[in-house]
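Q: Quick one: sequence plus predicted model below, questions after.
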Amino acid sequence: MTNKEESIQELTNALLTGKAEDARQSTYAALARGNTNGEVLDALVEAANIVVDLHDVGEYDQAKLAATENSISMSLQVLEDWLAKSQGRFGLKVTVGPVGLKAGALLAIVLSAVFRSVGFHSTSLTKTQTALDLLRNSEELGTNLAIPLLPSEGVERHLRDFTEELERGGFRSKFEVIPVAPGLPEGLEMSLTVARNSEEAISKATQWALRKQRSGT
């Protein structure tokens, strides 16, 4: 393992164990050893996904979850100048929030940072728990794109319920929505553009933003 790879591993360990100051120092060290801001951000996303999975099987209690969230926030502070310069490329607002996803607040924080890194103004709705909450909050914030994070367990039901709330509230005409629905079967007919993981959500959101730029809408 190279020094560059070791530094990312040290950062990941600090995040997973909830050691905030170690996470901050490891972020600086990872950058100093040649990792890009984007590579460090990728490590944060990976750590958040690991914690969400471990929480789902009962291996992370609320105290450990809070410690990890604090550690990720400390690491993101190191990247803040870069994120501030990166956002705004598209001139579009994004909201990211969990809908019935345990530990989803953690994932919303890091995904919101990823959206900023690729050129969006992004807000994480970390306390959102219902579809209507997320949709109403997104509307109040004047969002152009909402990214609901759905649980993998019972994902088809969660997606169906979210779509019904979207239609019932008349939100479809107000902003774009790309749900993240992990584990969704391939070939399923859907009325929405859906991503099966966070990477796919970023890709589809970026493609959507580029199309809007080209069309001038």
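A: Received the coordinates, thanks.
Q: and the helix ranked longest in the chain, what does it pack onto?
A: Using DSSP state H to assign secondary structure, the helix with the most residues in the chain is helix 62-86. When contacts are defined as 3 or more CB pairs under 8 Å, 6 or more residues apart in numbering; DSSP states H and E, helix 62-86 packs onto helix 3-16, helix 20-32, helix 37-56, helix 104-118. Using the backbone N, CA and C atoms, a C-beta is placed for each residue, glycine as well.
Q: That one: which residues count as buried?
A: Applying a neighbour-count criterion of 16 or more other CB atoms under 10 Å, the buried positions in helix 62-86 are 64-65, 67-69, 71-76, 78-79, 82-83, 86.
Q: The helix or strand that it is followed by pairs with which strands?
A: Later in the chain than helix 62-86, the nearest helix or strand by DSSP states H and E is strand 93-98. In the sheet containing strand 93-98, its partner strands are strand 121-124 (parallel), strand 145-149 (parallel), by DSSP bridges.
Q: give the contact list for Asp56.
A: Under the criterion of CB atoms under 8 Å, 6 or more residues apart in numbering, the contact list for Asp56 reads 102-103, 152-153.
Q: Setting aside sequence neighbours, what's the nearest residue to the most centrally placed residue in the chain?
A: Here the mean C-alpha position of the chain is nearest to the C-alpha of Leu111 (CA atoms, centre = their mean), at a distance of 2.1 Å. For Leu111, ignoring the flanking residues on the chain, the nearest one in space by CB to CB, 6 or more residues apart in numbering is Val96 at 5.0 Å.
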